[in-house]
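Q: Kindly generate the corresponding structure for this input.
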Amino acid sequence: QVQLVESGGGLVQPGGSLRLSCAGSGITLRHYTIGWFRQAPGKEREDLSCISNSGRGTYYVDSVEGRFTISRDNAKNTVYLQMNSLKPEDTAVYYCAASGAQAMRVIPSYEYDYWGQGTQVTVSS
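A: Alright, predicted model coming up:
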């Protein structure tokens, strides 16, 4: 059974940092492009970033470029999202997903085959 499990969410003050993890079970993540998404209450799901299966290609949307960093440790079958300079508008449930598509840019959600259950990130003072 394929599972993606996100962790690392929580409550953080504005300007703070969090590192999210996406661990694969029943799936070898190095064969996939991995993406991070978020969904805030009342809003549509937003693509944030993705990383190629090799890790050499990383892509971001403008809203997180320069603040978020995606990385992967294929030996640990885990992908990370380091989030710095967090803002209240970053509050959302964050999801990771795996796609068989080759990443040459941020790829849309419909190209992803497997999804995690999400982890809540709340940025508030």
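
Q: and the most centrally placed residue in the chain, what element?
A: Among the residues of the chain, the one closest to the centroid is residue 36, at 2.4 Å (Cα atoms, centre = their mean). Element membership for residue 36, per DSSP states H and E: strand 33-39.

Q: next one: residue 96
A: strand 92-99.

Q: any residues touching the following helix or strand past that strand, and which ones?
A: The first helix or strand that comes after strand 92-99 along the chain, using DSSP H and E, is strand 114-115. Identification of contacts with strand 114-115 by Cβ atoms under 8 Å, 6 or more residues apart in numbering yields 2, 4, 27, 32, 95, 96, 97, 98. Quick note: C-beta positions are derived from backbone N, CA and C, even for glycine.

Q: Quick check: the fourth one vs residue 85, distance?
A: Plainly put, residue 32 is 28 Å away from residue 85 if you go by Cβ to Cβ, to the nearest Å.

Q: who has more neighbours, these two?
A: residue 32 (25 against 13; other Cβ atoms under 10 Å).

Q: Find the residue closest to that one in space, skipping its chain neighbours.
A: residue 98 (4.0 Å; Cβ to Cβ, 6 or more residues apart in numbering).

Q: Kindly report the same for residue 27.
A: Nearest to residue 27 is residue 2, by Cβ to Cβ, 6+ apart, at 4.6 Å.

Q: For the host helix or strand of residue 47, name the packing helices and strands.
A: In this assignment (DSSP H and E), residue 47 forms part of strand 46-51. Strand 46-51 is packed against strand 33-39, strand 58-60, strand 68-73, strand 78-83, strand 92-99, with contacts defined by 3 or more Cβ pairs under 8 Å, 6 or more residues apart in numbering; DSSP states H and E.
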